[in-house]
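K.L.:
sequence and predicted model, in that order:
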Amino acid sequence: MKTPVILLLLCGCIFQFSCKKKTQGTLINHGKIVVAVTHQVDGAPVVFDTAVFTNAAANQYSIEKLEYYLSDFRIYKNSQLCYSGTEIVLVNGRDSGTFTFNISPSSGLASGIYDSVAFTIGVSSVLNVSYGLPNTLDNMDMAWPDVMGGGYHFFKLEGHYKNAGLLAGYAMHLGQNGYQVNAGMHCSINIKPTGDATLNMIMNVNEWFRNPANYNFNTDGVFTMGDTLLMHKLALNGADVFFTN
């Protein structure tokens, strides 16, 4: 699932001007794309604070915190880059008010079906410095410690898991430049001549723990923050955590 995403990004670099050239004379829609995010675990809705989920390594775990940034959205048609934006949104799995946000191409998009989207889980290296984002309470809560390089957490997944019959804590954190997640998915964004379009994005939390490598709390460790090997493993697994229905 990850190889097509990488190919999309490469193709976008080659064909980033093609989309505009081929749509000359086509009605341009200046509406917005409304993105709606939901969270699941292998098809089951996320329920917080109860250890009812099981990952590929057979760890039974709960979800108590799920927070992450999404940024740098790119929209493609036939492997051609048609939009590259600067949106940055912070999604909090406990706050449904953060589940919906807009992508608003200032130059508009030609009507038609757009078939894939790529984005970053995290923030760009330029902004990933202390106080690189607006100094809101939410952004401050995502701050990466200055003694560890500063910047921001890209992703937080925390909870407990059952270990020999007892509950033990885990914290899957990503941060520091080089550990941004290059994510994406095939989709169908229907841009009509006028009006807004929709994009439904579903995160499968269990994908963080598998593909290309299973993540096992018992053998890999329960805290990833600052551990370059574990953050690299988690970031690779994150490339295909999102899909659409």
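P.N.:
Looks like it arrived, so ask away.
K.L.:
show me the shaky parts of the protein.
P.N.:
Counting by pLDDT under 70, the chain shows low-confidence ranges at 1-25.
K.L.:
parallel or antiparallel, list what pairs with the longest strand along the chain.
P.N.:
Criterion DSSP state E: the longest strand present in the chain is strand 65-77. For strand 65-77, the paired strands and their directions (DSSP bridges) read strand 80-84 (antiparallel), strand 88-92 (antiparallel), strand 112-121 (antiparallel), strand 153-163 (antiparallel).
K.L.:
would you mark the buried spots in that strand?
P.N.:
66-77 (16 or more other CB atoms under 10 Å). Any C-beta I mention is one placed from the backbone N, CA and C, and that applies to glycine too.
K.L.:
over to stretch 146-160?
P.N.:
150-160.
K.L.:
likewise stretch 166-185?
P.N.:
170, 172-176, 179-185.
K.L.:
restricted to helices, list these.
P.N.:
Within these, no residue falls in helices by DSSP state H.
K.L.:
helix or strand for Ala235, which one?
P.N.:
Ala235 belongs to helix 228-237 when assigned by DSSP states H and E.
K.L.:
so which elements touch that helix?
P.N.:
strand 166-175 (3 or more CB pairs under 8 Å, 6 or more residues apart in numbering; DSSP states H and E).
K.L.:
what residues does the strand it packs on touch?
P.N.:
With contact meaning CB atoms under 8 Å, 6 or more residues apart in numbering, strand 166-175 is reached by 51, 61, 121-122, 128, 144, 148-149, 151-162, 180-181, 208, 217, 222-225, 231, 234-235, 238.
K.L.:
now the angle from that strand to helix 228-237?
P.N.:
Orientation of strand 166-175 against helix 228-237 (axes from the mean of the first three to the mean of the last three CA atoms, to 10 degrees) gives an angle of 80 degrees.
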